[in-house]
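Trainee: the following block contains a protein sequence and its predicted model.
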Amino acid sequence: MRPELELISEWIRPGARVLDLGCGDGALLAYLHNHRQVSGYGLEIDAANLVRCIQAGVSVIHADLEAGLADFSDTGTTPF
């Protein structure tokens, strides 16, 4: 286990909804789901990391953050 995951998880209230921008392999979202009952999405551009997220059971969206977050509102809802 990566030590920073436990540290970050302490900042997140149990049951929260999270949008992990540039989620990499999804390790943080998977950890938060398992230890804090968090739901959410990861955004990632790298194809290899998308596969790792899917293998880990993480909801991930293929997106380029440089293009913006037009598909996400500030109300906490997504069109997905």
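Mentor: All right, it came through fine. Residues are numbered from 1 along each chain as shown.
Trainee: which parts of this protein are helices?
Mentor: All helices of the chain, identified by DSSP state H, fall at 3-9, 27-36, 47-55.
Trainee: now what about the last one, what contacts it?
Mentor: Applying Cβ atoms under 8 Å, 6 or more residues apart in numbering, the contact partners of helix 47-55 are 23, 24, 25, 26, 29, 42, 44, 59, 60, 62. C-beta: built from backbone N, CA, C; applies to glycine.
Trainee: do that again at 6 Å, thanks
Mentor: The contact list for helix 47-55, computed with Cβ atoms under 6 Å, 6 or more residues apart in numbering, reads 24, 25, 26, 42, 44, 60, 62.
Trainee: for this protein, give me the ranges with low pLDDT.
Mentor: By pLDDT under 70, the low-scoring segments of the chain are 1, 71-80.
Trainee: if we use 80, what do you get?
Mentor: By pLDDT under 80, the weakly predicted segments of the chain are 1, 68-80.
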